[in-house]
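Student: Would you be able to build a 3D model of this:
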Amino acid sequence: VQLQASGGGLVQAGGSLRLSCAASGRTFSSHAMGWFRQAPGKEREFTAAINWSGGSTYYADSVKGRFTISRDNAKNTVYLQMNSLKPEDTAVYYCAAGPALTVRSGLYDYWGQGTQVTVSS
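Tutor: I've put the predicted structure just below:
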């Protein structure tokens with residue numbers, strides 16, 4: 001599975017962005033998908049994840065109620081809708097694919113290249 005993340009950019013605080021992660025390969029629908037982010041000088045952290053069917057999702061407390069993860073298996077794409085963005089959301093966002101929904105980055109097998117999100121105050 002190869003992953004290509006897109007949709008990042010510069011937005012003012014309170015604004016919205018939608019990230020997309022397009023996957024190649026016919027096994028996309030069998031993988032759980034996750035979004036992680038890494039701010040400058042910080043470790044990569046879990047943001048959101050969704051199971052293979054889209055029926056289960058999980059969010060970091062810091063984004064709960066503001067971010068929504070979803071997937072379209074027909075389009076081999078997972079999305080992260082980000083609303084009410086804050087300056088502390090500034091980071092490089094990575095998508096990842098793995099066998100099961102988890103917050104543990106080490107359990108994801110495939111990673112995209114990352115897309116920069118910058119939120120100005």
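Student: okay, CA-based contacts and neighbour counts for the rest of this
Tutor: OK.
Student: Residues in a beta bridge with the residue nearest the centre of the chain, which ones?
Tutor: The centre of the chain sits closest to residue 35, judged by Cα atoms, centre = their mean, with a distance of 2.6 Å. Beta-bridge partners recorded for residue 35 (DSSP bridges): residue 48, residue 95.
Student: Next one: it from residue 12, what distance?
Tutor: As judged by Cα to Cα, to the nearest Å, residue 35 and residue 12 stand 21 Å apart.
Student: How about residue 90?
Tutor: According to Cα to Cα, residue 90 stands 11 Å off from residue 12.
Student: Need the overlap of contacts for those two.
Tutor: A shared contact of residue 90 and residue 12, defined by Cα atoms under 8 Å, 6 or more residues apart in numbering, is any residue touching both; here these are residue 119.
Student: Compare those two and say which is more crowded by neighbours.
Tutor: Neighbour tally, residue 90 and residue 12, criterion other Cα atoms under 10 Å: the higher count belongs to residue 90, 20 against 14.
Student: OK, contacts around that one?
Tutor: Residues counted as contacts of residue 90 (Cα under 8 Å, 6+ apart) are 39, 116-119.
Student: what's the helix or strand harbouring residue 117 packed up against?
Tutor: Assigned by DSSP states H and E, residue 117 belongs to strand 115-120. Strand 115-120 sits against strand 9-12, strand 91-98, with contacts defined as 3 or more Cα pairs under 8 Å, 6 or more residues apart in numbering; DSSP states H and E.
Student: what about those strands, which gets the closest to residue 51?
Tutor: Minimum separation from residue 51 across the helices and strands packed on strand 115-120 (Cα to Cα) falls at strand 91-98, 9.3 Å.
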